[in-house]
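Colleague: Below are the sequence and a predicted model for it; my questions follow.
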Amino acid sequence: MADDEMLSWDESVFRDEHVFEIDFLPETFRHREEQMQGLKYALRPAVRGSRPLNVMARGPPGTGKTTAVQKLFGELAAVSDVNVARVNCQVDSTRYAVFSRLFEEMFDYEPPTSGISFKKLFGQITDRLVEEDEVLVVALDDVNYLFYEGEASDTLYSLLRAHEAHTGAKIGVIIISSDLDLDIIEELDERVQSVFRPEEVFFPRYDEREIVDILEERVKRGFREGVAGLDVLDRVAELTATTGGDLRVGIDLLRRAGLHAEMRASRTVEVADVEEAYNKSKYVHLSRHLQGLSDSEIALVRVVAEHEGERAGDVYESFSEETELGYTRYSELINKLDQLGIIEAEYTSVDGRGRSRQLSLAYDADAVLERLD
Ligand SMILES: Nc1ncnc2c1ncn2[C@@H]1O[C@H](COP(=O)(O)OP(=O)(O)OP(=O)(O)O)[C@@H](O)[C@H]1O
């Protein structure tokens with residue numbers, strides 16, 4: 001490499017590295033007009049002080065569901081006094097935790113950590129809504145986690161029937177799910193099904209062309225001019241599309257490719273940097289899912305890694321030694337990790353012993369263990 005192509009210490013390929021970060025809210029939001037319209041239609045009554053329609057937003061990971069809701073919530077808060085609250089159910093995965101978060105959003109301080117019953121917490125939220133004659137719109141993001149914990153029906157029931165228990169309380173609910181195997185309505189109790197008839201808004205995968213359109217904007221804002229060419233963008237879009245169309249993969253690829261170019265002290269990002277970055281970026285889902293796991297779930301992932309391909313009954317011994325949890329809880333945890341796509345639990349017939357589940361990791365064991373440390 002000639003000297004003038006080398007990056008000096010105080011130089012960077014990045015103009016604004018922040019645009020590649022997870023929590024960056026993009027200004028332009030292309031290829032989601034229809035979904036934004038659908039959501040707006042449902043939320044419009046809230047601006048007039050009425051209860052909005054409930055919404056079920058579904059689509060594979062990284063298709064803009066959270067971003068759409070954040071943008072609309074921003075607009076709503078700017079033009080009205082509607083209360084908006086987005087709850088990340090991966091973090092707050094019980095009814096109590098969800099309502100604590102709502103309390104915090106509305107009152108700007110956390111509820112007392114002990115001694116306050118659910119009823120009281122709930123009562124304070126609805127009292128405030130009634131007194132101030134305000135509307136609350138709640139987005140339950142990654143609602144699938146409430147299902148994995150068996151908390152979805154109770155949580156939705158309380159939200160949807162708030163106006164019965166507390167006359168005048170106006171709450172609208174948007175549930176967001178990226179688990180397309182989960183039949184949400186079917187999985188809810190009948191008492192919830194009878195009151196929950198949401199508008200449906202679907203977020204399909206972006207195709208390769210759309211990914212290029214969207215990421216072009218990030219490249220322009222994130223890198224200095226002339227740093228990343230079209231060949232880089234096309235390769236990133238291709239890899240993103242083949243990994244399932246999750247834009248997070250593409251955004252992560254751009255950032256890592258940039259860092260890799262800097263490591264080579266290069267002033268430009270090349271396709272080879274993208275290929276190198278892909279070895280890490282392809283695991284963004286895995287990292288995201290592992291982040292939200294509890295200690296006992298992590299223990300189970302480790303145990304399965306050590307007993308790859310063995311039967312659930314046999315693996316249990318090692319698990320119980322580590323955690324002292326019972327078999328029922330063990331089975332529930334297996335189901336959750338299976339639904340999250342971290343492990344695979346497949347039924348196999350065992351001679352004379354009926355059917356049993358065989359456990360294995362859905363990813364390369366080293367990639368998983370590395371991310372748990
Ligand atoms: N149309 C778009 N334009 C610009 N950026 C987008 C667009 N769609 C998604 N993104 C970006 O892709 C990333 C993932 O989007 P987002 O979190 O909204 O997806 P999601 O569907 O909610 O994912 P999950 O279901 O996994 O939570 C974010 O960084 C977001 O900024």
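Modeller: Done, it's in.
Colleague: Now do the SS call for Q358.
Modeller: With DSSP: H, G, I helix; E, B strand; the rest coil as the basis, Q358 sits in strand.
Colleague: Test my guess that it contacts D314.
Modeller: No - between Q358 and D314 there is no contact under C-beta atoms under 8 Å: 9.8 Å. C-betas here are computed from N, CA, C, even on glycine.
Colleague: who has more neighbours, these two?
Modeller: A direct count of neighbours by other C-beta atoms under 10 Å for Q358 and D314 places Q358 higher, at 17 against 12.
Colleague: what residues are up against that one?
Modeller: Residues near Q358 by C-beta atoms under 8 Å, 6 or more residues apart in numbering: G309, E310, R311, A312, A345, E346, Y347, T348.
Colleague: Pull out the buried residues from those.
Modeller: The neighbour count (16 or more other C-beta atoms under 10 Å) marks A312, A345 as buried among the contacts of Q358.
Colleague: Minimum pLDDT in the contacts of Q358, which residue is that?
Modeller: Least confident entry in the contacts of Q358, by pLDDT: T348, with 80.
Colleague: a strand runs through that one, doesn't it?
Modeller: Yes - membership of T348 in a strand is supported by three-state DSSP.
Colleague: Confirm A85 sits in a strand?
Modeller: Yes - assessed with three-state DSSP, A85 lies in a strand.
Colleague: quick one: contacts for whichever residue of the stretch 251-373 of the chain sits closest to the ligand?
Modeller: Closest contact between the stretch 251-373 of the chain and the ligand, by C-beta to the nearest ligand atom, is at I251 (5.5 Å). By C-beta under 8 Å, 6+ apart, the residues touching I251 are F20, L215, R218.
Colleague: want to try JSON lines for these, with pLDDT and neighbour count as columns?
Modeller: Shown next, in JSON lines, are those (pLDDT from 0 to 100; neighbours: other C-beta atoms under 10 Å):
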{"residue": "F20", "pLDDT": "96", "neighbour count": "22"}
{"residue": "L215", "pLDDT": "97", "neighbour count": "24"}
{"residue": "R218", "pLDDT": "96", "neighbour count": "23"}
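Colleague: What about the residues you listed, which are in helices?
Modeller: Among the contacts of I251, the residues falling in helices (DSSP state H) are L215, R218.
Colleague: List just the nearest of the contacts of I251 to D295.
Modeller: Nearest to D295 out of the contacts of I251 is F20 (C-beta to C-beta; 30.8 Å).
Colleague: and that closest one, how far is that from D252?
Modeller: Computed as C-beta to C-beta, to the nearest Å, the F20 to D252 distance reads 7 Å.
Colleague: Also V232?
Modeller: As judged by C-beta to C-beta, V232 and D252 stand 14 Å apart.
Colleague: Per the annotation, how does the chain divide into domains?
Modeller: Using automatic domain parsing, the domain parsing of the chain gives 33-202, 206-282, 288-372.
Colleague: Around the ligand, which positions in the stretch 1-150 of the chain sit nearby?
Modeller: 26, 29-32, 59, 61-67, 142 (C-beta under 6 Å from any ligand atom).
Colleague: quick one: the helices in the stretch 51-200 of the chain?
Modeller: Remark: helices assigned in the stretch 51-200 of the chain by DSSP state H, counting those that start in this stretch are 65-79, 95-107, 118-132, 144-148, 152-160, 162-165, 184-187, 190-193.
Colleague: any idea which of those is most buried?
Modeller: Most buried of the helices of the stretch 51-200 of the chain, by mean neighbour count (mean count of other C-beta atoms under 10 Å): helix 144-148, with a mean of 24.
Colleague: quick one: average pLDDT of it?
Modeller: 93.
Colleague: That one packs against which elements?
Modeller: Judged by 3 or more C-beta pairs under 8 Å, 6 or more residues apart in numbering; DSSP states H and E, helix 144-148 is in contact with helix 327-339.
Colleague: and the helix it packs on, what does it pack onto?
Modeller: helix 144-148, helix 295-306, helix 312-323, strand 343-350.
Colleague: 7 Å instead, please
Modeller: helix 295-306, helix 312-323, strand 343-350 (3 or more C-beta pairs under 7 Å, 6 or more residues apart in numbering; DSSP states H and E).
Colleague: Measure how buried S296 is and give me the count.
Modeller: 15.
Colleague: Same question for the one 3 residues further on.
Modeller: Using other C-beta under 10 Å, A299 has 19 other residues around it.
Colleague: Surely it and E322 touch.
Modeller: Yes - A299 lies in contact with E322 (C-beta atoms under 7 Å); the separation is 4.9 Å.
Colleague: Find the residue at the geometric middle of the protein.
Modeller: D142 (5.1 Å; C-alpha atoms, centre = their mean).
Colleague: Show the contacting residues for that residue.
Modeller: Residues in contact with D142, defined by C-beta atoms under 7 Å, 6 or more residues apart in numbering, are N88, C89, Q90, I176, S178.
Colleague: Could you rerun that using 6 Å?
Modeller: Listed by C-beta atoms under 6 Å, 6 or more residues apart in numbering, the contact set of D142 reads C89, Q90.
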